[in-house]
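Colleague: Sequence and predicted model, in that order:
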2 protein chains.
Amino acid sequence: MTYELYYWDGIPGRGEFVRLALEQAGADYIDVARNDGGMARMMAMMKNRTEGIAPLAPPFLKDGELVISHAANILLYLGNRLGLAPEDEAGRITAHGLQLCITDFVAEIHDTHHPIGVSLYYEDQKDEALRRTENFLDERLPKFLGYFEKQLVKKPQGQVHALGDTLTYVDLSLFHLVEGLHYAFPRAMTAAEPDYPLLVALNAQVRELPRIEAYLASERRLAFNEQGIFRYYPELDRS
Amino acid sequence: MTYELYYWDGIPGRGEFVRLALEQAGADYIDVARNDGGMARMMAMMKNRTEGIAPLAPPFLKDGELVISHAANILLYLGNRLGLAPEDEAGRITAHGLQLCITDFVAEIHDTHHPIGVSLYYEDQKDEALRRTENFLDERLPKFLGYFEKQLVKKPQGQVHALGDTLTYVDLSLFHLVEGLHYAFPRAMTAAEPDYPLLVALNAQVRELPRIEAYLASERRLAFNEQGIFRYYPELDRS
C-alpha cells in the first residue's frame, strides 16, 4: 500500500518530520500536493466529511481508508510500521512524548515571526516579533535544546540516540530541528552549539545516513524559505 | 494500581483534561502536587533522569514505573484503560488527532495573554496581548470552534458525541474548553454560542454526568483564575 502524505507544497514545514521518516525507511509514498491536481485533492479532504474525520490542517497521512492528522500522530502510527520506534508500549509512549515536545517547540519557533497572528504578514508584526524572538533566544531555545541534549545518549559504538540503541523518528526530527534553527538563527545557533555536543553529533550522523543523504540531494527535499516555520530574518537573529 | 497525576497546584491548566477523564471513569488516582511534599516530588522527577525519560513539563502521569508526558499522550494511554476511547486503532488515532487539535487550540488560548514570553508578566506584554487577542477572537476562535462543531454528531437518543455512540475523553476535553473560554471571554462566547449549538449541548450533557457533577462540586476541582491558561482580563474580551 502506498502512503499518501498531504502537506503544502513549497515549504518543508511540519510535513518534513514525516517525510524524513518515510525516506529513511524507504517507504512507498506520494507527496500528494506536489503532484498534478494534488492541491485540490488536499483541500477537498479538509472540506468534506465524507467518511471519518476531516483534518483541520496538513500534514495528514492517508493509509488506505484511514486518515491520520498531526505530524506527531502520524509518526506514532508509522513508527513501528517503518521500524523507527521502540516496539514496546512504554517505548512508543516515551518516543511520542518526546515528539510532542518537538511539536511544542516548533509552534514556539513559528511564533517568533508570527507572535500576533498567522493571518498577518510578518512585516505587520515585526516589532512584536523582535521582542518575542529576543525572549525566545534568551530562554526558550536553551530550555528546549538543553532538554533534548539531556535525552541523548552516546553509545559505546559512538552512535547518538534519543531512545535505546537504534535510530528512531525522534532522532530524525531532532536532526531537522537543528537544521531549521541553523537556517533561521545562524548566529545564535553557532554561538549556542558548543553547549549541545550530542545534538550536533546526532545531526551529523543523521545527515550521513545513506538514504537521508540521497534524499537531501534530491528534488524531493524542499529548501527552507520565508514561507515556512523556520525563516531567516537577519534582524531577528543575534547581532 | 493508583495512577499518579503530576500537575501544578492552584490552576486547572492542562492537567484538567486528564483529571476529567480520571474522574468520569471513577479511577483511583492521586493529584500528587496537591498533597504534602508532592510539589518537591514533582520537581525532582523533572530534574532527575533516574530511569527512563524525565518529562520537560507537567502534566505527566505515573503508572507503576511508566512516566507519560503531555496531556494528549496521557489521554491516549488512559483512553482504553478507562473505557473513554474507541477500541480499534483507527478510532484511537482519530480521537488522538482531535485531542491534538485541542492541544493546539489551548496553546493559542494561552498565548492571547502571553504573546511575547511565558517568563514575562501579562502587564509587561499587555499591548501585544490586546492585539493578539483581537486576531484570536476574529479568526482563531471561529476556526477551531467551527471545526469542533463539525465533528460533533447528535445521536437519535439526543446525545452529542465527537466519536461514535459513546462518551470519550474528547467529549470531556471539549466540555472543559467551552468552560474555560466562557471564563476568559464571557462576552465573546455569549455572542458566539448560537453558532455552535452542538458544542453547547455537549457542554450541558457533560456537566450533568453524575460523576462529573460530583467532581465539579468537590474540592478536587480547582477554580479558573489568572494564573492558568484561561484568564479573565476584561480588556481582552469583546467590549
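Modeller: Here it is on my side, so go on. Remember, predicted model here, so these are calculated numbers, not experimental data.

Colleague: Any regions of chain A where pLDDT drops low?
Modeller: Along chain A, segments meeting pLDDT under 70 span A:49-52.

Colleague: show me where it has strands.
Modeller: Counting by DSSP state E, chain A has strands at residues A:3-6, A:29-31, A:60-63, A:66-69, A:153-154, A:160-161.

Colleague: What would the third one look like as PDB? C-alpha coordinates only.
Modeller: Right, the one you point to is strand A:60-63. The C-alpha coordinates for strand A:60-63 follow below in PDB (Å, rounded to 0.1, in the frame of the first residue of the first chain):
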ATOM      1  CA  PHE A  60      -2.100  14.400   7.300                       C
ATOM      2  CA  LEU A  61      -1.400  10.900   6.100                       C
ATOM      3  CA  LYS A  62      -3.800   8.500   4.300                       C
ATOM      4  CA  ASP A  63      -3.200   4.800   4.600                       C
END
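
Colleague: Strand partners (parallel or antiparallel) of it?
Modeller: Note on strand A:60-63: by DSSP bridges, its sheet partners are strand A:3-6 (antiparallel), strand A:66-69 (antiparallel).

Colleague: ok, longest helix in chain A?
Modeller: When chain A is scanned for its longest helix (criterion: DSSP state H), the result is helix A:89-113.

Colleague: hang on, the earlier thing: can you say which of the strands of chain A is nearest to B:Ala85?
Modeller: In terms of C-beta to C-beta, the element of the strands of chain A nearest to B:Ala85 is strand A:66-69, at 15.3 Å. Heads up, the C-betas are built off the backbone N, CA and C, glycines and all.

Colleague: Show me what counts as buried in the closest one.
Modeller: Across strand A:66-69, burial judged by 16 or more other C-beta atoms under 10 Å in any protein chain shown covers A:Val67, A:Ile68, A:Ser69.

Colleague: neighbouring contacts of it?
Modeller: With C-beta atoms under 8 Å, 6 or more residues apart in numbering or on different chains as the test, strand A:66-69 has contacts from A:45, A:52-57, A:59-62, A:74, A:77, B:90, B:93-94, B:97, B:100-101.

Colleague: picking up where we left off before, out of the buried residues of strand A:66-69, the closest to chain B would be?
Modeller: The closest of the buried residues of strand A:66-69 to chain B turns out to be A:Ser69 (C-beta to the nearest C-beta; 3.9 Å).

Colleague: Specify the beta-bridge partners of the closest one.
Modeller: Going by DSSP bridges, A:Ser69 is paired in beta bridges with A:Phe60.

Colleague: how close does it get to A:Asn225?
Modeller: 24 Å (C-beta to C-beta, to the nearest Å).

Colleague: The closest residue to A:His70 other than its chain neighbours - how many residues pack around it?
Modeller: Excluding the flanking residues, the one nearest A:His70 by C-beta to C-beta, 6 or more residues apart in numbering or on different chains is B:Leu100, at 4.3 Å. With neighbours defined by other C-beta atoms under 10 Å in any protein chain shown, the count for B:Leu100 comes to 22.

Colleague: got it, and A:Arg92?
Modeller: Number of residues near A:Arg92 (other C-beta under 10 Å) recorded here: 18.

Colleague: Repeat that for A:Asp9.
Modeller: 15.

Colleague: cool, A:Val118 as well?
Modeller: 12.

Colleague: so how far is stretch A:151-160 off the chain centroid?
Modeller: In terms of C-alpha atoms, centre = their mean, to the nearest Å, the centre of stretch A:151-160 is set 22 Å apart from its chain centre.

Colleague: meant to ask about stretch A:161-172
Modeller: From the chain centre to the centre of stretch A:161-172 is a distance of 15 Å (C-alpha atoms, centre = their mean).

Colleague: ok, and what's touching it?
Modeller: By C-beta under 8 Å, 6+ apart, the list of residues contacting stretch A:161-172 from outside reads A:17, A:20-21, A:24, A:75, A:78-79, A:82, A:84-86, A:91, A:94-95, A:98-99, A:102, A:148, A:151-153, A:155, A:159-160, A:174, A:202, A:206, A:209, A:212.

Colleague: so what's the closest residue to A:Phe224 other than its chain neighbours up against?
Modeller: Closest residue to A:Phe224 in three dimensions, ignoring its sequence neighbours and counting by C-beta to C-beta, 6+ apart: A:Tyr183, at 4.3 Å. Taking C-beta under 8 Å, 6+ apart, we find A:Tyr183 in contact with A:Phe224, A:Phe230, A:Tyr232.

Colleague: Among these, which one lies nearest to chain B?
Modeller: Of all the contacts of A:Tyr183, chain B sits closest to A:Phe230, with 18.4 Å by C-beta to the nearest C-beta.

Colleague: Just to check, that closest one is in contact with A:Phe224?
Modeller: Yes. Applying C-beta atoms under 8 Å, one finds A:Phe230 in contact with A:Phe224, separated by 5.3 Å.

Colleague: between these two, which one's more packed in?
Modeller: Just comparing A:Phe230 and A:Phe224: by other C-beta under 10 Å the higher neighbour count belongs to A:Phe230, 25 against 19.

Colleague: count of neighbours near the residue nearest to the more buried one when sequence neighbours are not counted?
Modeller: Excluding its sequence neighbours, the residue lying closest to A:Phe230 (C-beta to C-beta, 6+ apart) is A:Gly180, at 3.4 Å. When neighbours are defined as other C-beta under 10 Å, A:Gly180 has 21 of them.

Colleague: Sounds good, over and out.
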